[in-house]
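1. what's the 3D shape of this:
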Amino acid sequence: MTQTAAPPQPGLETPLQFLRGVGPHRAAQLEKKGLRTVEDALFFLPLRHEDRTRLTPLRALQPGHTATCAGTIVGLSPPPPGRTRQPFTVMLRDESGHATASWFGWRYLARALKRGQRLVLHGRVARYKGTIVLQQPDWEIVEGGEDERLHTGRLVPVYSLTEGLPQRALRSLMWRVVEQFADHAPEVLPDAVRSRCRLIGLGEALRGGHFPQTESAQASARRRLAFDDFLLLQLGLAILRSRTTRARGLSLNPRGDLVGRLRAALPYHLTAAQERVWNEIRQDMAAPHPMHRLLQGDVGSGKTVVAALAVLTAVEAGYQAAVMAPTEILAEQHLMTFRQLLEPLGVRVSLLTSALKPRERAAARAALAAGDAGCAVGTHALVQESVVYRRLGLAVVDEQHRFGVEQRARLRGKGEHPDLLVMTATPIPRTLALTLYGDLDVSVIDELPPARRPVVTVARSEAKRRAIYTFIDEQVAVGRQAYVVCPLVEESEALDLKAATDMARRLAEDVFPHLTVGLLHGRLGVEDKEATMRRFKANEIHILVSTTVIEVGIDVPNASVMLVEHAERFGLSQLHQLRGRVGRGPWKSYCILLTGGRLTEDARRRIEAMAASNDGFKIAEVDLELRGPGEFFGTRQSGLPEFRVADLVRDAPVLEEARREAMAIVAADAELRAPAHRALRAQLLARWRGKLALAVAG
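-> Below you'll find the predicted structure:
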């Protein structure tokens, strides 16, 4: 006789399916939210808490305010048959008076709500035809007993839901999970850290995170749980950083002949900020341990030239350099720039991307393996297993938020502890920099070249198109040039190309037949792109119509106008990069953001932020606020632990505190072997993923 397996003993690893009132169907719904075990549920904090300790009497509801109130249903009024655009209306009464609640999409409500039920509602109050109405409010039926205690008269948690999973049912489950298991969550923080940082215990934090008695208790709970998230991240980064500084690396300290020749050939002097940053990089490269540095600066601050000096230093010392970009378009732009800077000095620059033809790719790999190419520019193709470098001494990563710690490690792994220089074209708020690049030293070029002037940025609607074209014509008449950038439509390269091609044809034939209009897009070959840019730079092309291939790395000082078509479709970072293509000469320059149709609230704020500031750091702060950390990151930072509770915007001060503690812990116990740190080490290995976890584990 087959014996049925007994459910596991209750613990944090217990599947939620085995808890009272869950079962397979509810468990499947919970799994859609990533909730499989008790531990998952404990750390699934509410989106917000509603203060239902102070219910607003119905008579006191004020139009224009958001309120929480309660009342008994005294009437239900579905729309007349066929009037689907009319709302479903419920009349409510409490001791103070009457009010109305209304919803669209009401069929479920007609089945769920009945006269005599008591509701708690939370929503926006309006006045409609003289009546006070709560429009589309959140609602719950209150039935007394435990439900009354959970769903009203307290700070009530509101969770993120999925289809078929009601708020009320999830809240009741969370109450049972927290009551039964919160105090069994193992404490990982050393007592000394908790004491220094004035942090509450983990069990108390889990209770306060879900069902706080006061707002103060909720804040303390959130701070503790966010601290744990940040500490585990910063510990891993601190360990990686510690290993790098202890490792034996290359000492790249040649006489500097190639650097001197490049500097003499430049038509300008480096700014004081560039000189300072180059000195930091040069000292790092000369030191006997690997350089591990982030080069950060605003658009047009001159990061690429500094990177070229580092490449020449590696080449003169007898090594190769690899420059990795996140996309083929950016890799090709870097190829053009580095060829212009390095090949006159006798340094061969090769391109390696997955888009190359097999024969070209094989030739590029052979040149790297033989040491014939001093500098390789490419995409993630540079770190494939089949790529071998004869003597890699410097890895340069153009970050663009799209490479993570693991990709950087793979590129470094192509040599014997080569130096690493990470560049970011978009300034990153400090909280993000500490997260993305916490294992790096940071250099900031915080000064623009003297010739750079603030770009006048204006937003214009389609109605102003004729006036914009007249303005561009006037600018060209006095010797200037203009960019016209078309957006990526529906993430389709084919549509993107068509939009730019159609625009170029229309401008050349109908709008500016007396001018030369050029076209630049991603499907052109490298040679064709270079030829087009050479003609534009020589002022043989007056107006260059382009896709976003000009976002980074294009330097034409004579161009004074940037017209961005459908600017509302671009992200803030992209708009800031595009604006950076003008304002590079001594002339007044303009960025015109042309928008079509009605703008969403986010699009309006993006356009307003661009018009209000030329400061890349301010732009980045607004971008982070609008998109949130997950979106701002772009592609997942491979290997980094995900935050269960922490929010980079809201909890920024906690991140700074956790970083200080992590640095102190690793300075005292680099491998977390001390008894007080063993629980932290176990959590670290559990939360960091893949190969990076092994690297952190040592």
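2. Now residue 175: closest residue in space, sequence neighbours ignored.
-> Of all residues not flanking residue 175 in the chain, residue 150 sits nearest, at 5.5 Å (CB to CB, 6 or more residues apart in numbering). For glycine as for every other residue, the C-beta is placed from the backbone atoms N, C-alpha and C.
3. On the pLDDT front, check the one you found for me.
-> Note on residue 150: pLDDT of 75.
4. Settle this for me: it is touching residue 173, isn't it.
-> No: Residue 150 lies out of contact with residue 173 (CB atoms under 8 Å); the separation is 10.6 Å.
5. rewinding a little: what about the residue nearest to residue 175, how many neighbours?
-> Other residues within reach of residue 150, judged by other CB atoms under 10 Å, total 19.
6. so it sits in a strand?
-> No: per DSSP: H, G, I helix; E, B strand; the rest coil, residue 150 lies outside any strand segment and is helix.
7. separation between it and residue 38?
-> Using CB to CB, to the nearest Å, one obtains 19 Å as the distance from residue 150 to residue 38.
8. One more: residue 120?
-> 28 Å.
9. what's the answer for residue 654, then?
-> 25 Å.
10. How about residue 335?
-> 53 Å.
11. And residue 666, by the same measure?
-> To residue 38, residue 666 is 31 Å away according to CB to CB.
12. cool, residue 525 as well?
-> Taken as CB to CB, the span from residue 525 to residue 38 is 57 Å.
13. more neighbours, the two?
-> residue 38 (24 against 9).
14. Surely that one is in contact with residue 12?
-> Yes: with contact defined as CB under 8 Å, residue 38 counts as touching residue 12 (5.1 Å).
15. okay, and the common contacts of these two?
-> residue 181 (CB atoms under 8 Å, 6 or more residues apart in numbering).
16. So what does residue 525 look like in phi/psi?
-> The phi/psi pair for residue 525 (degrees, to the nearest 10) reads phi -70, psi 160.
17. same question but for residue 84, I mixed them up
-> phi -70, psi -20.
18. Repeat that for residue 141.
-> phi -80, psi 130.
19. so how many other residues sit close to the residue nearest to it when sequence neighbours are not counted?
-> Closest residue to residue 141 apart from its sequence neighbours, by CB to CB, 6+ apart: residue 117 at 5.3 Å. Residue 117 has 14 neighbours, counted by other CB under 10 Å.
20. need the contact list for residue 117.
-> If you count contacts by CB under 8 Å, 6+ apart, then residue 117 has 72-73, 141 around it.
21. out of those residues, which is most surrounded?
-> Highest neighbour count within the contacts of residue 117: residue 73, with 18 neighbours (other CB under 10 Å).
22. For that one, which three-state class applies?
-> What three-state DSSP gives for residue 73 is strand.
23. So what pairs up with it in the strands?
-> residue 92 (DSSP bridges).
24. remind me which residues of the stretch 401-550 of the chain are low pLDDT?
-> 401-406, 425-427, 429-431, 436, 451, 488-498, 550 (pLDDT under 70).
25. Please enumerate the helices of it.
-> Along the stretch 401-550 of the chain, the segments classed as helices by DSSP state H, counting those that start in this stretch run 405-412, 430-436, 465-477, 493-506, 526-537.
26. Could you point out which of these sits nearest residue 251?
-> Of all those, helix 405-412 sits nearest to residue 251, with 16.5 Å by CB to CB.
27. starting at the chain centroid, how far to the closest one?
-> 19 Å (CA atoms, centre = their mean, to the nearest Å).
28. same thing with stretch 577-594?
-> Averaged C-alpha coordinates place stretch 577-594 at 25 Å from its chain's average position (CA atoms, centre = their mean).
29. Check stretch 31-39 too.
-> Taking CA atoms, centre = their mean, one finds the center of stretch 31-39 at 25 Å from the center of the full chain.
30. Buried residues, that stretch. List them.
-> 33, 35-36, 38-39 (16 or more other CB atoms under 10 Å).
31. and of these, the nearest to residue 508?
-> The nearest one, if we look at the buried residues of stretch 31-39 relative to residue 508 and count by CB to CB, is residue 33, at 53.7 Å.
32. For stretch 597-612, which outside residues touch it?
-> In contact with stretch 597-612 (CB under 8 Å, 6+ apart) are residues 457-459, 462, 567-568, 570-572, 575-576, 579, 591, 593, 595, 618-619, 622-623, 626.
33. The stretch 151-300 of the chain: helices as residue ranges?
-> Under DSSP H, counting those that start in this stretch, the stretch 151-300 of the chain gives helices at 167-181, 191-197, 202-210, 215-246, 257-265, 272-286.
34. For the second one, give me every contacting residue.
-> What it means is helix 191-197. Contacts of helix 191-197 (CB under 8 Å, 6+ apart): 199-201, 227, 231, 657, 661, 665, 676.
35. Over to the fifth one?
-> By CB under 8 Å, 6+ apart, the list of residues contacting helix 257-265 from outside reads 270, 308-309, 312-313, 315-316, 341-342, 344-345, 347.
36. Most neighbours among the residues you listed, which one?
-> Of all the contacts of helix 257-265, residue 312 has the most neighbours under the rule other CB under 10 Å, reaching 27 neighbours.
37. pretty sure that residue is in a helix, no?
-> Yes: secondary structure of residue 312 (three-state DSSP): part of a helix.
38. Let me see the contact set for it.
-> 258-259, 262, 342, 345, 347.
39. 10 Å instead, please
-> The neighbours of residue 312, taking CB atoms under 10 Å, 6 or more residues apart in numbering as the test, are 254, 256-263, 321, 341-342, 345, 347, 374-375, 394.
40. Would you mind measuring from it to residue 666?
-> 35 Å.
41. Hmm, residue 43 is touching residue 224, no?
-> No: at 12.0 Å, residue 43 does not count as touching residue 224 under the criterion of CB atoms under 10 Å.
42. Please say which of the two ends up with more neighbours.
-> residue 224 (24 against 17).
43. number of nearby residues for the residue lying closest to that one once chain neighbours are set aside?
-> Excluding the flanking residues, the one nearest residue 224 by CB to CB, 6+ apart is residue 205, at 3.9 Å. Taking other CB under 10 Å as the criterion, the count of residues near residue 205 is 24.
44. wait, residue 205 sits on residue 211?
-> No: counting by CB under 10 Å, residue 205 stays clear of residue 211, with 12.0 Å between them.
45. Are there residues contacting both of the two? Which ones?
-> Between them, residue 205 and residue 211 share these contacting residues under CB under 10 Å, 6+ apart: 182, 217, 221.
46. Top of those residues by number of neighbours, please.
-> So for these (other CB under 10 Å), the most neighbours sit at residue 221, 23 neighbours.
47. Check the gap between the closest residue in space to that one that isn't next to it in sequence and residue 645 for me.
-> The spatially closest residue to residue 221, leaving aside those adjacent along the chain, is residue 208, at 3.1 Å (CB to CB, 6+ apart). Plainly put, residue 208 is 12 Å away from residue 645 if you go by CB to CB.
48. any residues in contact with both of these two?
-> Common neighbours of residue 208 and residue 645, using CB under 10 Å, 6+ apart, are 221-225.
49. Show me what counts as buried in stretch 54-70.
-> 55-56, 58, 61, 67-70.
50. now stretch 582-595
-> Going by neighbour count (16+ other CB under 10 Å), the buried part of stretch 582-595 is 582-585, 587, 589-595.
51. Closest to residue 156 out of those residues?
-> Residue 156 has its nearest neighbour among the buried residues of stretch 582-595 in residue 595, at 40.9 Å by CB to CB.
52. Tell me which residues touch that closest one, please.
-> Contact analysis of residue 595 by CB under 10 Å, 6+ apart lists 459-462, 564-569, 603-604, 607.
53. and the two most separated of these?
-> Comparing all pairs in the contacts of residue 595 by CB to CB, the longest separation belongs to 565 and 604, at 17.5 Å.
54. between these two, which one's more packed in?
-> The neighbour count for residue 565 versus residue 604, taken as other CB under 10 Å, is higher for residue 565 (21 against 14).
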